[in-house]
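In: Sequence first, predicted coordinates after that:
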There are 2 protein chains.
Amino acid sequence: MSAKKPIILVTNDDGISAKGIRSLFNAVKNFGDIYVVAPDSPQSGMGHAITINYPLRISKVDFFEDSVAFSCSGTPVDCVKLGIYEVMKEKPDLIVSGINHGANTSTNVLYSGTMSAAVEGAMENIPSIGFSLCNFDSDADFSVAQLVVKQLVEKVLQNGMPEGVCLNVNIPDVSEENFKGIKVCHQAKAFWEDSFDKRLDQFGKPYFWLTGHFLNQEKTNDTDLYWIDKGYASIVPTQFDMTSYKALKELENWKL
Amino acid sequence: MSAKKPIILVTNDDGISAKGIRSLFNAVKNFGDIYVVAPDSPQSGMGHAITINYPLRISKVDFFEDSVAFSCSGTPVDCVKLGIYEVMKEKPDLIVSGINHGANTSTNVLYSGTMSAAVEGAMENIPSIGFSLCNFDSDADFSVAQLVVKQLVEKVLQNGMPEGVCLNVNIPDVSEENFKGIKVCHQAKAFWEDSFDKRLDQFGKPYFWLTGHFLNQEKTNDTDLYWIDKGYASIVPTQFDMTSYKALKELENWKL
């Protein structure tokens, strides 16, 4: 680490007014010079969406102490792109995203705007971490999560990040006394069994609202879902190379 | 393959009126019973976004011959979920997505609604293929792409799909005489160097519109970008497990 203070970009998907991003800001503010660029409205479930067909707007906000902070009309990935290329005009030393209100374990990494912001950071070759607390409450207690944030930010500023990778960090909803520590593990094989709440509107026309429940089909123990359940924070190193190298070999037999 | 005709779900991200989805429909219609559920408006760049905060609408359309076809107010992933759980009420034997107007090579797989629909299919354990033509024109010539679709749909209905994987198929913008064949390969390491077109609106306020150019940083040859450039269609087997198993080992040294 150079003598110069690290520059840290803070974002999330629950929106700039969420308690989670304020908790994240408070946990990282003494580590460097902080920029905040976050969505002006909730963007949960936006995944890696970017805004192509419409222009984006940003507005300065003043509730992050002396930091430079903007709300943005776009998605979390838009916030990272606008943050780097328009607000900061340089690449930060670290991107932190969250703290998400609700878990982003297992395949939820694909739907999560919080994690997609971190994946976008990895694609920019910037050390990036997404943090999520396993509690959806808008007034959740982020104190254990803040301890994890501080420990990991210190580690990443020291060690850097493996190439092509960001971290997906989930923190269990437990008190400090019941928090067991941190485990590095892989993404559990678990999936949403979707259903839709179908209702008729005031004109008698149907609408459909996504719901469902999450089914764990994992057969091994060393996963995010397993360790969260035992009171540990989970770290999944997450890559943007989606190639299945195993399947590459299987497809050789197809004789295309 | 059983004697029963396969059930095939067709979707895309350019919207149900695009030439690409009609070309895909025409290429697959003789392989089975076809359902079409596709966005009612362009959804390019929506990645794996799902609609959580709003309900979804579907409307029957009649321009896909005798098939059951609906336009949907949501994202491509919403279309897959609604298609399976509300329109079809069963899992199809195959999901095909596209044919996208424009390439989804390399890291564009993360931004692509077309490919996210296929990834969602893989998460549902349904053989799924995303097709993209390397031509953004709304009136592009899809005839070579249709040949590739037919060849691969036949293969996948015969062989099934490796577990946890879908296919990302990109087709070069060449004539039939110049088309070289099909190569199975990995996702190139290439990235958008973003910039924003910043302008003032009629009220003097700034807005930002995403642009940029794509930089290939790949050092090996066996990639989608390489083969497309040589006149081949590329197939990248694409997985939803984003864990970096290589980085798992590196992180052991962090002593968390």
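Out: That came through fine.
In: anything in stretch A:22-36 near chain B?
Out: No. Contact of stretch A:22-36 with chain B (CB under 8 Å from any CB of the partner chain) is absent, the minimum separation being 15.9 Å. Every C-beta, even on glycine, is put in place using the N, C-alpha and C of the backbone.
In: ok, residues contacting that stretch?
Out: Contact partners of stretch A:22-36, identified using CB atoms under 8 Å, 6 or more residues apart in numbering or on different chains, comprise A:5-12, A:16, A:21, A:61, A:64-65, A:67-70, A:83, A:87-88, A:92-94, A:96, A:98-99, A:131, A:142, A:145-146, A:149-150, A:153-154, A:157.
In: Would you tell me whether the longest helix along chain A gets close to chain B?
Out: The longest helix of chain A (DSSP state H) is helix A:143-159. Yes. Shown here: helix A:143-159 in contact with chain B (CB under 8 Å from any CB) through A:Gln151, A:Leu152, A:Lys155, A:Asn159.
In: Stretch A:63-78 too?
Out: Yes. With CB under 8 Å from any CB as the criterion, chain B is reached by stretch A:63-78 at A:Thr75, A:Val77, A:Asp78.
In: Contact distance from chain B - what residues of the stretch 1-150 of chain A qualify?
Out: Near chain B, when you scan the stretch 1-150 of chain A using CB under 8 Å from any CB, you find A:42, A:44-53, A:55-58, A:75, A:77-78, A:81-82, A:84-86, A:107, A:109-111, A:116, A:119, A:123-124.
In: Top of the residues of helix A:143-159 next to chain B by number of neighbours, please.
Out: In terms of neighbours by other CB atoms under 10 Å in any protein chain shown, those top out with A:Leu152 at 21 neighbours.
In: Kindly give the local confidence score, pLDDT, for it.
Out: Looking at A:Leu152, its pLDDT is 98.
In: right, and it touches A:Asn170 too?
Out: No. Applying CB atoms under 8 Å as the test, A:Leu152 and A:Asn170 come out as separate, 12.0 Å apart.
In: hey, what's the spatially closest residue to A:Phe64 that is not a sequence neighbour bridged with?
Out: Take A:Phe64 and drop its neighbours on the chain: the residue closest to it by CB to CB, 6 or more residues apart in numbering or on different chains is A:Val36, 5.0 Å away. Beta-bridge partners for A:Val36, by DSSP bridges, are A:Val10, A:Ala69.
In: A:Asn30 belongs to a helix?
Out: Yes. Checked against DSSP: H, G, I helix; E, B strand; the rest coil, A:Asn30 lies within a helix.
In: re the thing from before, the contacts of stretch A:22-36, buried ones only, as a ChimeraX selection?
Out: In ChimeraX, a selection of the buried entries from the contacts of stretch A:22-36 looks like this (16 or more other CB atoms under 10 Å in any protein chain shown):
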select /A:6,8,9,10,11,12,16,21,61,64,67,69,70,83,87,88,92,93,94,96,98,99,131,142,145,146,149,153,157
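In: quick one, helices of the stretch 51-200 of chain A?
Out: Assigned by DSSP state H, counting those that start in this stretch, the stretch 51-200 of chain A shows helices spanning A:76-82, A:108-111, A:113-123, A:143-159.
In: Show me which of the residues of the stretch 1-150 of chain A next to chain B are buried.
Out: A:42, A:44-51, A:55-58, A:75, A:77-78, A:81-82, A:84-86, A:107, A:109-111, A:116, A:119, A:123-124.
In: For the stretch 1-150 of chain A, just list every one of the strands.
Out: Secondary structure of the stretch 1-150 of chain A (DSSP state E, counting those that start in this stretch): strands at A:7-11, A:33-39, A:58-60, A:68-72, A:94-101, A:128-133.
In: What residues of stretch A:244-256 count as buried?
Out: For stretch A:244-256, by 16+ other CB under 10 Å, it's A:Ser244, A:Ala247, A:Leu248, A:Glu250, A:Leu251.
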